[in-house]
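Participant: Could you look at this predicted model? Sequence included:
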Amino acid sequence: MNKKRVFKIIGWVIGTIAFLLIALFVFGYFYIQNKSPINKEKFPHHIGYINMEKALLNDVYELCGNGNIYKTHHGAPDDAFEVSKKRFRETILSEYKNENYADSGYLNFRFLVNCEGNAGWFEIVEMNLDLVETDLNDQMVSQLFKLTSNSKHWKILTLKEVPRNYYMYISYRIEDGEIIEILP
């Protein structure tokens, strides 16, 4: 009876190891075979890249340290708002004035915040509600740009007690000139 139990345990161990090795092989095979090639001509830069030469407010502040930028894959929505996202939303909604704008769409700001909490290096993407790039009202875009770029909204991000530069984005969903939603 003990021999049967020992052989049973050994069988389970060998079976489990074989299963794990096969699973690892299959994962590795499909990872290598199905990995999409990166089109370096169409997408020459990494996620979070902002062209410093074309960016707005690129000559007002300087990036700190060696210019490294943190939080590039998803921005820093949890860490970025000076008080909170709720306060940011309340401030924007109270200061924004719809001056008979009729536009609907998404107004996206991608930008950097330096180690002093100053927002700059803005890239603006304007889209309609079908997510096709379009031109929105210039005065509305200018007003929201001025509100978003105000450094009073942005916190200094510290990692290991050292202030850092970081990437951030804000998207406004606008319907008939009214802000419906602020993302993230």
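Facilitator: Arrived safely, thanks for sending.
Participant: Only the buried residues of the one helix or strand residue 15 maps to, if you could.
Facilitator: Using DSSP states H and E, residue 15 sits within helix 2-33. The neighbour-count check on helix 2-33 (16 or more other CB atoms under 10 Å) flags nothing as buried. To be clear about C-beta, it is placed using only N, CA and C from the backbone, and glycine gets the same treatment.
Participant: Between the two ends of stretch 94-114, how far is it?
Facilitator: For stretch 94-114, the separation between the terminal residues is 26 Å (CA to CA, to the nearest Å).
Participant: And the strands in the protein?
Facilitator: 69-70, 105-113, 119-127, 157-159, 162-175, 178-183 (DSSP state E).
Participant: Could you dump those strands into TSV and include mean pLDDT, mean neighbour count and distance to residue 84?
Facilitator: Supplementary listing: the strands of the chain in TSV, determined by pLDDT from 0 to 100; neighbours: other CB atoms under 10 Å; distance: least, CB to CB, whole Å:
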stretch	mean pLDDT	mean neighbour count	distance to residue 84
strand 69-70	78	18	20
strand 105-113	92	22	16
strand 119-127	90	18	17
strand 157-159	85	14	15
strand 162-175	91	20	14
strand 178-183	93	13	12
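Participant: Include distance to residue 31 when you put those into JSON lines, please.
Facilitator: Shown next, in JSON lines, are these (distance: least, CB to CB, whole Å):
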{"stretch": "strand 69-70", "distance to residue 31": "27"}
{"stretch": "strand 105-113", "distance to residue 31": "30"}
{"stretch": "strand 119-127", "distance to residue 31": "32"}
{"stretch": "strand 157-159", "distance to residue 31": "30"}
{"stretch": "strand 162-175", "distance to residue 31": "28"}
{"stretch": "strand 178-183", "distance to residue 31": "32"}
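Participant: Looking at those strands, spot the one closest to residue 96.
Facilitator: Across those, residue 96 has its closest neighbour in strand 178-183 (6.1 Å, CB to CB).
Participant: I'd like to know which elements the lowest-mean-pLDDT helix or strand in the chain is packed against.
Facilitator: Least confident helix or strand of the chain, by mean pLDDT, DSSP states H and E, is helix 77-80 with a mean of 73. Contacts defined by 3 or more CB pairs under 8 Å, 6 or more residues apart in numbering; DSSP states H and E place helix 77-80 against strand 162-175.
Participant: Partner strands of the strand it packs on, with direction?
Facilitator: According to DSSP bridges, strand 162-175 forms sheet pairs with strand 69-70 (parallel), strand 105-113 (antiparallel), strand 157-159 (antiparallel), strand 178-183 (antiparallel).
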